[in-house]
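K.L.:
Sequence first, then the predicted structure, then my questions.
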Amino acid sequence: MSDVPVSTTSDREEPDDEGMESPLSPAKLEEIKAGAEAIRREVGRIFIGSPTAVEALLVALVAGGHILLEGVPGVAKTTLCRAFSQTLGARFRRIQFTPDLLPSDITGTYVPDLGSKEFHLRKGPVFTNVLLGDEINRATAKTQSALLEAMQERQVTIEGQTHALEEPFLVLATQNPVEQQGVYPLPEAQLDRFLLKVSVDYPTVEEELQVLRTHRVTQAPVEEVWSGQDVRELSRLAQEVHVSEEMMAYIVALVRTTRRDDRVVLGASPRASLALLKAAQARALLGGRAYVVPDDIRGLCRAVLSHRIVLHPDAELDGITGGEVAERALRTVRYSTDGR
């Protein structure tokens, strides 16, 4: 595919739709931007590492999606998730996935009350606001699938009865990329339910030194910044962020390019296009803008698309990753104001 010239002003363009009304006033946008920055500061006091992971959590939260954190043990993935949930004043539950974990251990089950001779629902850990699924790929496919309905529909079905989950509902799942023994790779259908996949790498030398300095003593509790009501409002406002036809054409071009890559069996689906759109709207809102710019799409392309791409076995043997396919799409497709 031939490159399309880059517009020199595209990253600064504001929507030019005349008469377009938006509930996103400048004061409201500044308030949201300040709140997001406060969360970054609070989490940064506890989690010492790349700010990319914190940014991804914020985007997933506002976009109403879920996130898969990939990293070796000991890089503070659980610490990151717990600190982030505390800034929301949200209920936090953790599930340690193991091969003998049952679906009912996640969703809950009906148990008999010997006094009333009735069955009562004993809710599982999925009935929360922020759910940490630790080492999700250690559970069998049947148990992993127990999360599918919750992630997609925000509800669970237990013995034929459907129960709605409280909003916000955010799944933060972790997996170890190098472990091969006793793991069950996530099926494509499960991976596709994660809005973003982010790698949590080892800290830099300075960051690791800062870890030692910071955690020598007990840290002050993380302060709440946003409430559940705030998050629900932010998710609603993110849908009001303007996305031009040119931006949508850019998203579609990126996604379709992954399907034409000769190293790929299955490229990103239309659901990936929608995920990239929603994530870009959330990123723009968190940055204090009421409109999406190309940098919003470029900054999220790899995290949104990488886990949705199925590679040829030969490409996998050569060490190619879905992330590299997404990066090639970014180099191949250039944003243009004429929508090509």
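P.N.:
Structure received.

K.L.:
distance of the residue nearest to residue 145 when sequence neighbours are not counted from residue 243?
P.N.:
Distance criterion C-beta to C-beta, 6 or more residues apart in numbering; nearest residue to residue 145, sequence neighbours excluded, is residue 190 at 7.0 Å. (Glycine included, C-beta is placed from N, CA and C.) Shown here: residue 190 relative to residue 243, a distance of 28 Å by C-beta to C-beta, to the nearest Å.

K.L.:
try residue 121
P.N.:
Residue 121 is 41 Å from residue 243, by C-beta to C-beta.

K.L.:
ranges for the helices of the chain?
P.N.:
Listed in chain order, the helices found in the chain under DSSP state H are 26-46, 51-63, 77-87, 104-107, 141-144, 146-153, 188-191, 205-214, 228-238, 245-259, 270-286, 294-305, 313-317, 322-332.

K.L.:
angle of the longest one against helix 270-286?
P.N.:
In this structure, helix 26-46 runs at an angle of 100 degrees to helix 270-286, with axes from the mean of the first three to the mean of the last three C-alpha atoms, to 10 degrees as the basis.

K.L.:
Just the pLDDT at the residue nearest to residue 145, thanks.
P.N.:
The model reports residue 190 with a pLDDT of 82.

K.L.:
dump the residue contacts of the most centrally placed residue in the chain.
P.N.:
A centroid search over the chain (C-alpha atoms, centre = their mean) returns residue 67, at 3.1 Å, as the residue closest to the centre. Applying C-beta atoms under 8 Å, 6 or more residues apart in numbering, one finds that residue 67 lies in contact with 56, 57, 60, 170, 171, 172, 173, 194, 195, 196, 197, 198.

K.L.:
would you list the residues you listed in JSON lines and tack on neighbour count, distance to residue 322 and pLDDT?
P.N.:
What follows is the contacts of residue 67, written out as JSON lines (neighbours: other C-beta atoms under 10 Å; distance: C-beta to C-beta, whole Å; pLDDT from 0 to 100):
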{"residue": "56", "neighbour count": "24", "distance to residue 322": "16", "pLDDT": "95"}
{"residue": "57", "neighbour count": "27", "distance to residue 322": "21", "pLDDT": "95"}
{"residue": "60", "neighbour count": "24", "distance to residue 322": "18", "pLDDT": "96"}
{"residue": "170", "neighbour count": "26", "distance to residue 322": "23", "pLDDT": "94"}
{"residue": "171", "neighbour count": "23", "distance to residue 322": "20", "pLDDT": "94"}
{"residue": "172", "neighbour count": "27", "distance to residue 322": "20", "pLDDT": "94"}
{"residue": "173", "neighbour count": "28", "distance to residue 322": "17", "pLDDT": "93"}
{"residue": "194", "neighbour count": "25", "distance to residue 322": "12", "pLDDT": "94"}
{"residue": "195", "neighbour count": "27", "distance to residue 322": "15", "pLDDT": "95"}
{"residue": "196", "neighbour count": "25", "distance to residue 322": "13", "pLDDT": "95"}
{"residue": "197", "neighbour count": "22", "distance to residue 322": "8", "pLDDT": "94"}
{"residue": "198", "neighbour count": "25", "distance to residue 322": "13", "pLDDT": "93"}
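
K.L.:
Understood, closing this out.
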